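J.: Take a look and give me a structure for this.
(one chain, ligands or ions: 2)
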Amino acid sequence: MHSHRIAVIPGDGIGVEVCGATRAVLDAVGRRHAIALTYDEFDWSCARYLAEGAMMPANGLDLIRHHDAIFLGAVGGPGVPDHVSLWGLLIPIRRGFQQFVNLRPIRGLDGRQAIDLVVVRENVEGEYSEIGGRLYQGTPAEMAVQESVFTRPGVTRIVDYALDLAERRGGRLTSATKSNGIIHTMPFWDEIVAERVAERPAVTLRSEHIDALCAKLVLDPAQFDVIVASNLFGDILSDLAAAVAGSIGLAPAANIDPTHAYPSMFEPVHGSAPDIAGRGIANPVGAIWTATMMLDHLGHPEASANLMAAIESVFTTTDVRTPDLGGKAGTEDMTRAIIEAL
Ligand code: ATP
Ligand code: MG
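T.: Ligands and ions are numbered 1, 2, ... in the order given. Modelled structure (predicted):
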């Protein structure tokens, strides 16, 4: 019996609903594969922020530092600006635990969309920085300055991670750039990508400007396999590709520290969806697919593959679909169908 302690942060809105669904599925997977998962729940959320003035306690990272993984539903909500949940919870965890890879596999589950790719997003530096500020406020010369930070070790490790993945998946890597407009950081990114690719004869590289890449992803996503991108570009590309694949409710994500020095964090791409929260109709597939990534990371590839196969078979052999996919099933129906398929 393998046992793992998971820190669960259900968060707000449908985050809580999809976390419950995921735990039910993981319990079933655990019974089949002799994996004992124990959960500690943390109420870190926008609801907590509204009540106590902080998304999480000041010693939050210390409370979850020794867990084997973190599973997060979604945080966000009416009355709390997005940057509060981002900078008050997600970014401190990503940076504090060196989760420098944000991995987002994207696939059309019902086989109707020809898309099967992985976006490898740099997750701790790049365009999301605290360096900058406002100058000359209240004058006609007012300006805002926002610096991007690209370091050689930071770019090198994300590119190497993407290259490893590309080698395992058939050797095609696309790098997102914008070196024609952003003339310092992007040529630096391109240079490091070229250096690292030169050491990998099994990988062919394609470099695409982010604007053209977005258009091509919409028009013909099948031409892409692994895409490596900076923090901002990766964020945009993965939402775009998830939308091309069907619903944002299907999309999984993982914030990974590949060195295993710290716990990695697993969270579906979607947010708290206040418009449908509390109605029992949230699509749990993004969260459950995310759980397959967690199983992989914890060293259970077989359990992960079985769960993925169960999700796929619900799409290929049943017509159970939540409303975001045009169906009438609720969160519980979808969850039950996946457990039955297991
Ligand atoms: P937040 O403030 O937390 O970012 P949001 O509403 O801005 O929330 P999302 O939660 O990503 O962003 O929702 C975008 C849209 O997609 C909403 O209309 C929502 O209902 C829908 N949606 C998101 N996730 C799901 C899901 N799992 N199942 C069904 N619909 C979803
Ligand atoms: Mg949002």
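J.: what's the top helix by length along the chain packed up against?
T.: Longest helix in the chain, counting residues (DSSP state H): helix 14-33. Counting by 3 or more Cβ pairs under 8 Å, 6 or more residues apart in numbering; DSSP states H and E, the packing neighbours recorded for helix 14-33 are strand 2-11, strand 35-41, strand 69-74, helix 285-297, helix 301-317, helix 331-341. In short, each C-beta sits where N, CA and C put it, glycine included.
J.: Quick check: buried residues in stretch 63-74?
T.: 64, 67-74 (16 or more other Cβ atoms under 10 Å).
J.: follow-up on the earlier one: export the helices and strands packed on helix 14-33 to CSV and append columns for mean pLDDT and distance to A51.
T.: Listed next are the helices and strands packed on helix 14-33 as CSV, based on pLDDT from 0 to 100; distance: least, Cβ to Cβ, whole Å:
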stretch, mean pLDDT, distance to A51
strand 2-11, 96, 14
strand 35-41, 96, 17
strand 69-74, 98, 18
helix 285-297, 98, 25
helix 301-317, 96, 35
helix 331-341, 98, 26
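J.: in the stretch 201-342 of the chain, which segments are predicted with low confidence?
T.: Counting by pLDDT under 70, not a single residue of the stretch 201-342 of the chain qualifies.
J.: Mind doing that once more with 90?
T.: Residue ranges of the stretch 201-342 of the chain with pLDDT under 90: 238-239, 242-248.
J.: for the chain, what spans make up the strands?
T.: Per DSSP state E, the chain carries strands over the ranges 2-11, 35-41, 69-74, 101-107, 116-122, 132-135, 143-146, 172-177, 204-209, 226-229, 254-256, 264-266.
J.: In JSON lines, list the ones you listed along with distance to A28.
T.: Below are the strands of the chain laid out as JSON lines (distance: least, Cβ to Cβ, whole Å):
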{"stretch": "strand 2-11", "distance to A28": "15"}
{"stretch": "strand 35-41", "distance to A28": "11"}
{"stretch": "strand 69-74", "distance to A28": "16"}
{"stretch": "strand 101-107", "distance to A28": "22"}
{"stretch": "strand 116-122", "distance to A28": "26"}
{"stretch": "strand 132-135", "distance to A28": "48"}
{"stretch": "strand 143-146", "distance to A28": "46"}
{"stretch": "strand 172-177", "distance to A28": "35"}
{"stretch": "strand 204-209", "distance to A28": "41"}
{"stretch": "strand 226-229", "distance to A28": "31"}
{"stretch": "strand 254-256", "distance to A28": "21"}
{"stretch": "strand 264-266", "distance to A28": "18"}
